[in-house]
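**Student:** Below are the sequence and a predicted model; questions follow.
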Amino acid sequence: ARKIHGEFNVYTGILDNRYFLAIMGMEAFMQFIMVQMPGINSAMGCTGLTMTQWAFCLFIGATELPLNLIVSQLPLSWFTYNLARSRPAAAPILSSSARGGGG
C-alpha cells in the first residue's frame, strides 16, 4: 500500500522511487511475456490477448485506485454488523467421558 490512514493522493512521489518503477516495469513485462509468447502462454494455461482485451485489462486495473478513493469516503457504519448475530451458535465441545467413550 502506498498510502494509509485515509491519505488521498496515492500518486504523490510515485516517480521518485526507482526500485518501485523497476519492479513495476519488470512485472508488466513478465506478464506480457507469459500471456503473449507461444509456448510460455500454453504452459501458463492461456492464449494471447487481442489489443481490445489488453485495453480492457488495463482499464480494469486502472480503476482500482480511483475506486478505492471513493470507497474510503463511505461511512464505516455502512459496513459493520453484529458478528454474534451473523454466526450460528457453536456446538459445545464434549470430553471423551461425556461422549460415552472410556478413558
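**Tutor:** Received the coordinates, thanks.
**Student:** Quick one: list the elements packing against the helix or strand harbouring residue 59.
**Tutor:** Assigned by DSSP states H and E, residue 59 falls within helix 51-62. Helix 51-62 sits against no helix or strand, with contacts defined as 3 or more CB pairs under 8 Å, 6 or more residues apart in numbering; DSSP states H and E. C-beta here means a position set from N, CA and C on the backbone, and glycine is covered the same way.
**Student:** Need the residues that contact it.
**Tutor:** residue 49 (CB atoms under 8 Å, 6 or more residues apart in numbering).
**Student:** tell me the mean pLDDT over that helix?
**Tutor:** Averaging pLDDT along helix 51-62 yields 92.
**Student:** Can you name the element that comes right after it?
**Tutor:** Remark: after helix 51-62, the chain's next helix or strand is helix 64-72, criterion DSSP H and E.
**Student:** Which other helices and strands does that following helix contact?
**Tutor:** Using 3+ CB pairs under 8 Å, 6+ apart as the test, helix 64-72 ends up in contact with no other helix or strand.
**Student:** Can you give me the buried ones in the longest helix along the chain?
**Tutor:** When the chain is parsed with DSSP state H, its longest helix is helix 18-36. For helix 18-36, burial by neighbour count (16 or more other CB atoms under 10 Å) applies to residue 35.
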